[in-house]
Structures are given as C-alpha cells and as structure tokens.
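Student: Need coordinates for the below:
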Amino acid sequence: MTRVAAIDCGTNSIRLLVADVDVAAGTLHDLDRRSEVVRLGQGVDRTGRLAPEALARTLDASARYAEICRALGVEAIRFVATSASRDAENRADFVDGVRALLGVEPEVVSGQEEAALSFRGATGVVAARHAGPYLVVDLGGGSTEVVLGTREPEAALSMDVGCVRLTERHLLGDPPTDDERAAALRDVAAALDEAAAVVPLGRTVTLVGLAGSVTTVTAHALGLPSYQPERIDGAVLAVPDVLAACEDLLGRTRAERAELGFMHPGRVDVIGAGALVWHAVVSRVRDEVAAAGGRLEGVVTSEHDILDGIAWSAAERLAR
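Tutor: Residues are numbered from 1 along each chain as shown. Next up is the predicted model:
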C-alpha cells in the first residue's frame, strides 16, 4: 500500500486526491478528495499569459494542499497541469511557485497524456458495471479530452474548447444571446469534426462524462437540492434528459444559476458554456452511434477521473 497525492490543476479549478494505492491488488482508497475554483486560465485565451491574480489564487490553494499532504504523510506527489498552463507564455512563474511550495516539479502534460490519465481514472471504476468500448470525455475549462478504448486508450484527441475558454470568447451575455450561442457552437462543431476524424465516435458503447461541468449538469438532471457526489457518481441518464438539463442551464441567467443548491459559486458564470459543449458532444456521439447501426442507451457520469489516473501513475512510479 502506497500513500500518494494527486493534484490536477486545470483552467478553472485545482483539485487534490490523497489515496492509499495497492498497485498489485488494483485498489485505490480515498483519504481526502477536494477542489477549489481558482480560475488559473483567466484571460489566457485572450492574452496568452497567466494573470497575476489568477496565479496568486492558484499558489495559495497549492500551499493549502501542501499542508494536507504533510499532515497525511504522503510518500509521493504528482502535480499535473493542463490546458491553461500549456497555453501560457509565463508558465515558468507557475512552475517555480509550485516547486517551492510542494517540492515537486509540476508536469505540464500534453493533451494526449491528459486524455490517457482521464481514461485510466474513469474506466477503473466504470468498467466493472458497463461494457466497452468506452468514450471518455473530460470537459475542462480550457480543453476537452475525448478518448476511446476498452482496456486502454485506442484513439484520443484534446480539443481546445472548454467552459472558461468559450465563455470568455463568446458567451458574454446574461443569458447568452442566440448569436453568441451560434458562435460558440461553431467552435465546438469544428472541434468535434477534428475529433471524429481521429476518434471513431460511432464505436461507442458507453459514453462517460467527467469533470465539473458534466457533474453539475447531472445534478441538475437529477433534480438534486445540493451537490451529492454519491448520487452523481455512476449515474446513468437518458440522452434526452441530459440534453434538456444542458439547454435549461444555458438559458438561465447567472442569478438564476446561483440559486440552484448544487451549483458551486465558481461555476455560475461558466456552466452555460460547459452545458453547451456537453450538449454538442452527447448529440454528436448519439448521431455517430446511430449512423454506425447502434443506439446510445444512456450517458454515465463519473466522479472518478484524471485525479484517479494521476494517483495510479504516482503509485506505479514508486513501485518501479
């Protein structure tokens, strides 16, 4: 048994998982799993740089995570940074700050590796209850990873569409106007065309959605009065219910979204874009599966995601 810490620093949030992992037995036991919205990717799509205030928020959260790791006696930490850090000219400031706080080098991973880690984290649990091939979709703030496989990833692509990027680029109205929605949809449709050229979406048997936008849409579709991960994790929703929940969230004002008991305050302004992306992905996969002669029966939501994949990889590194 190895005690490891996995940190996933994305465009919108930074998340921590401390877990005991037994590589030989294939078990992972959570000790602490948490998330903070820090919006590291604030303005990166426009400026190409990490904003000083966004960097400060992220490093403050990293300092808190360092204290938790010390208190729980972790043996290894793997810190993975994704879309915003890949895109920023001044990412060295971020890397230096994290190294000073946690004593490890943050790894600014490629979109392909991000997809593989998400696939590993999600399918480790989903595979026990659902048949493959699995299409795992990790819908983040700056990018969305799409990866297909059964036992391991067979095809993957990282698309430069995410809830923060599309909000800042297009969805400025409250609620977004029809023109804004159309412009955002064009970006997502173009990205999905690129994905479909690489990833055979029509082979999907189980569609699995990961990350905060997807879990929030799921909470809305389930009508939850508060955020309840035990009900969200593993939930299987009919395609029409997913699409209806997406449409409703996109059409609401920010004040109306904020009134929803399951809504994280840091997601209020970007969930519309997240819902738009998820609606487009689910619709496209449904249509591709139908064109291949199949039927997408439902959509699975998983709370097990890239964090779990990072934890497994950290433990395996120690075991080697």
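Student: so where do the helices sit in this protein?
Tutor: Ranges of helices in the chain, per DSSP state H, are 44-47, 52-72, 83-87, 91-102, 111-126, 163-169, 178-198, 212-222, 229-232, 239-251, 254-258, 271-291, 306-319.
Student: what's stretch 85-105 in contact with?
Tutor: With C-beta atoms under 8 Å, 6 or more residues apart in numbering as the test, stretch 85-105 has contacts from 7, 9, 40-41, 44-45, 48-50, 55, 58-59, 62-63, 65-66, 69, 77-79, 81, 106, 108, 110-111, 142. Heads up, the C-betas are built off the backbone N, CA and C, glycines and all.
Student: Mind doing that once more with 6 Å?
Tutor: V44, G48, R49, L50, L59, S62, A63, A66, I77, F79, P106, V108 (C-beta atoms under 6 Å, 6 or more residues apart in numbering).
Student: repeat for stretch 34-51
Tutor: 11-16, 54, 57-58, 61, 84, 87-90, 94, 141-142, 164-165, 168-169, 266.
Student: can you rerun that using 7 Å?
Tutor: 9, 11-16, 54, 57-58, 61, 83-84, 87-91, 93-94, 141-142, 164-165, 168-169, 264, 266-267 (C-beta atoms under 7 Å, 6 or more residues apart in numbering).
Student: What's the end-to-end length of that stretch?
Tutor: One end of stretch 34-51 to the other measures 24 Å (C-alpha to C-alpha, to the nearest Å).
Student: List the buried residues for that stretch?
Tutor: 35-45, 49-51 (16 or more other C-beta atoms under 10 Å).
Student: Repeat that for stretch 215-232.
Tutor: Buried, per 16+ other C-beta under 10 Å, within stretch 215-232: T215, T216, V217, T218, A219, H220, A221, L222, L224, Y227, I232.
Student: hmm, which two among those residues are most spread apart?
Tutor: A221 and Y227 (13.4 Å; C-beta to C-beta).
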